[in-house]
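> one predicted model, sequence on top.
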Amino acid sequence: MTQRVALVTGAMGGIGTAVCQELAKAGHKVVAAYHPEFDKPEEWTKAMAEAGFNDFICVAGDVSDYDSCVALTAEAEAKVGPIDILVNNAGITRDKMFARMELAQWNAVISTNLNSLFNMTKQVSSKMAERGWGRIINISSVNGLRGQAGQTNYSAAKAGVIGFTKALAAELAAKNVTVNAICPGYVATPMVMAIKPEVLQSIIDTVPMKRLAKPEEIGGACAYLASDIAGFMTGSTMNICGGLYYQ
Ligand code: CAA
Ligand code: NAP
C-alpha cells in the first residue's frame, strides 16, 4: 500500500487515540493534533510508544480558532509534508436542556464541533484536489441524526457536520478527494463517562447491543475510509451505533 500522511484532530482523546493507532497500523504517517491546553502530551506519547506506536508527530492547535489551524497545519506540513488524510475528530459537549442553555454553551459547541471543519478543512482540501487524491473524514454522531434531549447545541453541530460532508463531497468528487462522515453511537471515552451514571445506564439500556462502542470500532472505520479501496465512497454517513438508530 501507499504510505500517506494523516492528520487527526483531538488525537489524544478517546476516539482520536484509536484513530491514530488504526491509521498507523494501516501504514500511514500520523500527525496527532492536540488541544494547546492539554497538559499531558508527553504522557500520551510515552503511552503510545509503550503500546508500539513510536512515530506519531504531535502538533498543538485549537480547532475552534482559524489562525491556530493555519499554524498547526503549517507546522505539520513542515515536519511531514502535505496532508493526504484529514480526520476532523476534536469535539466537546456542553449538555443542558435548551431552556437552561446559555449562549456561551451554544457558541462553544458550534465553534469546536462545526466551525472547526471550516478552519481545518480549508487548510488542506484545495491542495488535495490539486494533487488528485485526498480523504476527509468527519466525526459526526448518532445524535446529529436523531436529536438528543439536552444537546440542542451538539445535535445542531453534528447535523451540520453531515451537511458539510455531503456538500463538500459533491464539490471534490471529480478530484478524487472523498469526504465522508462517521456517526458513532455512544463510545466508551471520557466524553461519555462524564454523563451521570444513572443517565448513562438508561442510555445503554436503549442500545440494542446493550453496550458502548469500543474506540477502535470507530478507528477501524476511519482506516477503511482512508484506504484506496474506499475510493468510490463519498458523501456518506457511516452509522456505528450498535443498532441505536436507523435512518
Ligand atoms: N427528554 C425530555 N425531557 C427530559 C429528558 C429527556 N430525555 N431528560 C430530562 N428531561 C427533563 C427532566 O424531566 C427535567 O424536567 P423538569 O425541569 O420539568 O423537572 C428537565 O429535563 C431537567 O432534567 P434534569 O434535572 O435531569 O437536568 P440536569 O441539568 O440534571 O441534566 C442533562 C440535564 C445534562 C441534559 C442530562 O439529562 C443528561 O446528561 N442527559 C444525557 C444527554 C446525552 O445523551 N448526552 C450525550 C453526551 S456523550 C455524546 O454526546 C457523544 C455522542 O455523540 C453520542
Ligand atoms: P474526548 O475523549 O473528550 O476527546 C475529544 C478530544 O478533542 C480531546 O482530546 C480534546 O482535547 C479535543 N478538543 C476539544 N476541544 C478542542 C479544541 N478546541 N481544539 C483542539 N482539540 C480539542 O471525546 P471522544 O469521545 O473521543 O470524542 C471524539 C469525537 O467523537 C468528538 O467529535 C465527539 O463529538 C465524537 N463522538 C463521540 C462519541 C462518544 O460516544 N464518545 C459519539 C459520537 C461522536 P482536550 O481534552 O485537551 O480539550
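Received the coordinates, thanks. Residues are numbered from 1 along each chain as shown. Ligands and ions are numbered 1, 2, ... in the order given.
> tell me how far the residue most central in space within the chain lies from V199.
With distances taken as Cα atoms, centre = their mean, N89 lies nearest the centre of the chain, 1.7 Å away. Distance of N89 to V199, computed by Cβ to Cβ, to the nearest Å: 24 Å. In this view, the C-beta of every residue, glycine as well, is placed from N, C-alpha and C.
> go on, M128?
To V199, M128 is 40 Å away according to Cβ to Cβ.
> over to Q247?
Per Cβ to Cβ, Q247 is found 25 Å from V199.
> one more: W106?
To V199, W106 is 21 Å away according to Cβ to Cβ.
> okay, the two: which has more neighbours?
The neighbour count for W106 versus V199, taken as other Cβ atoms under 10 Å, is higher for W106 (18 against 10).
> so who does the more buried one touch?
W106 makes contacts with R94, T152, N153, as judged by Cβ atoms under 8 Å, 6 or more residues apart in numbering.
> redo that, cut-off 10 Å
R94, K96, F98, T152, N153, Y154, A156, A157 (Cβ atoms under 10 Å, 6 or more residues apart in numbering).
> and the next helix or strand past the longest helix along the chain?
Of all the segments of type helix in the chain, defined by DSSP state H, the longest one is helix 152-172. Per DSSP states H and E, the first helix or strand lying C-terminal to helix 152-172 is strand 177-184.
> mean confidence score for that next one?
Strand 177-184 shows a mean pLDDT of 98.
> show me what the longest helix of the chain is packed up against.
strand 85-88, helix 103-110, helix 116-131, strand 134-139, helix 142-146, strand 177-184, strand 237-240 (3 or more Cβ pairs under 10 Å, 6 or more residues apart in numbering; DSSP states H and E).
> what is the rounded mean pLDDT of stretch 217-235?
Per-residue pLDDT values over stretch 217-235 give a mean of 98.
> pLDDT weak spots in the chain?
1 (pLDDT under 70).
> near ligand 2 at all, stretch 207-218?
No: shown here: stretch 207-218 not in contact with ligand 2 (Cβ under 6 Å from any ligand atom), separated by at least 6.8 Å.
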